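J.: After the sequence you'll find the predicted model.
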Amino acid sequence: MTEHDESDAQDRAEGLTGVLDAIESAVAAARSMPMSSSVLVNRAELLDLVGQAREVLPDQLTRADEVLADADSARAQAQADADRVLADARRDAAELVSQEAVVAAAHEEAAQIVEAAQRTADDLRREADDYCDRRLADFEIDLGKVLAQVQAGRAKLAGRLTTDG
């Protein structure tokens, strides 16, 4: 990942955090209802902020997909390298058939290289999956908080509407 990609990812993460901070500030600064923990919030403002959060999320999910694609690409490259090394080892082994010890060592080394490449590829995929899972869990928590706040606000509003009506 280049510095530019890391900077873009950081900017997108800060964008979502900024929107969530703005939602939190709007709720915290909202006018309190007398004798209640409920507040009056500007619906248009909160809907706009939720819309902004939704705009930022696809970028975050796209980045997670890019991380997975990078891991797959690295795995494919490692497999290609392993295949190349294995082909080289087979060619060399064929040339040295008369020397049994050399042939056995070449087979063993090729197997170790393939195994190491597979471990590296598996590690990269596991790390990419872990990163994506952590990011998605963070988003899930943040969105859950926003959803809970919105639902609580709507419930209070619904309660007022039924008592006013």
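T.: Here it is on my side, so go on.
J.: now residue 71: how far from residue 113?
T.: Here residue 71 is placed at a distance of 20 Å from residue 113 (CB to CB, to the nearest Å). The way it works is simple: take the backbone N, C-alpha and C, and place the C-beta from them, glycine included.
J.: need the contact list for the residue sitting nearest the centre point of the chain.
T.: When CA atoms, centre = their mean is applied to the chain, the residue found nearest the centroid is residue 132 (2.9 Å). For residue 132, the contacting residues are 64, 67, 68, by CB atoms under 8 Å, 6 or more residues apart in numbering.
J.: circling back to that earlier point, comparing residue 71 and residue 113, which residue is more hemmed in?
T.: Taking neighbours as other CB atoms under 10 Å, residue 71 and residue 113 compare with residue 71 leading, 20 against 17.
J.: Please identify the helix or strand for the more buried one.
T.: Using DSSP states H and E, residue 71 sits within helix 43-95.
J.: Average pLDDT for that helix, rounded please.
T.: Helix 43-95 carries an average pLDDT of 83.
J.: quick one: contacts for residue 159?
T.: Residue 159 makes no contacts at all, as judged by CB under 8 Å, 6+ apart.
J.: before we move on, the earlier item: same list (the contacts of residue 132) but as TSV, adding distance to residue 34 and neighbour count.
T.: Shown next, in TSV, are those (distance: CB to CB, whole Å; neighbours: other CB atoms under 10 Å):
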residue	distance to residue 34	neighbour count
64	45	20
67	50	19
68	52	15
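J.: export those residues to TSV and tack on distance to residue 158?
T.: Listed next are those as TSV, based on distance: CB to CB, whole Å:
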residue	distance to residue 158
64	36
67	41
68	41
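J.: Closest to residue 142 out of those?
T.: residue 64 (14.8 Å; CB to CB).
J.: quick one on the thing from earlier: quick one: the residue nearest to the centre of the chain and residue 68, what's the gap?
T.: Residue 132 sits 6 Å away from residue 68, going by CB to CB.
J.: before we move on, what about residue 122?
T.: According to CB to CB, residue 122 stands 14 Å off from residue 68.
J.: what does residue 102 give?
T.: Applying CB to CB, the value for residue 102 to residue 68 is 41 Å.
J.: Next: residue 162.
T.: Relative to residue 68, residue 162 is positioned 48 Å away (CB to CB).
J.: Also residue 100?
T.: Residue 100 is 45 Å from residue 68, where distance means CB to CB.
J.: cool, and residue 154?
T.: For residue 154, the distance to residue 68 (CB to CB) stands at 36 Å.
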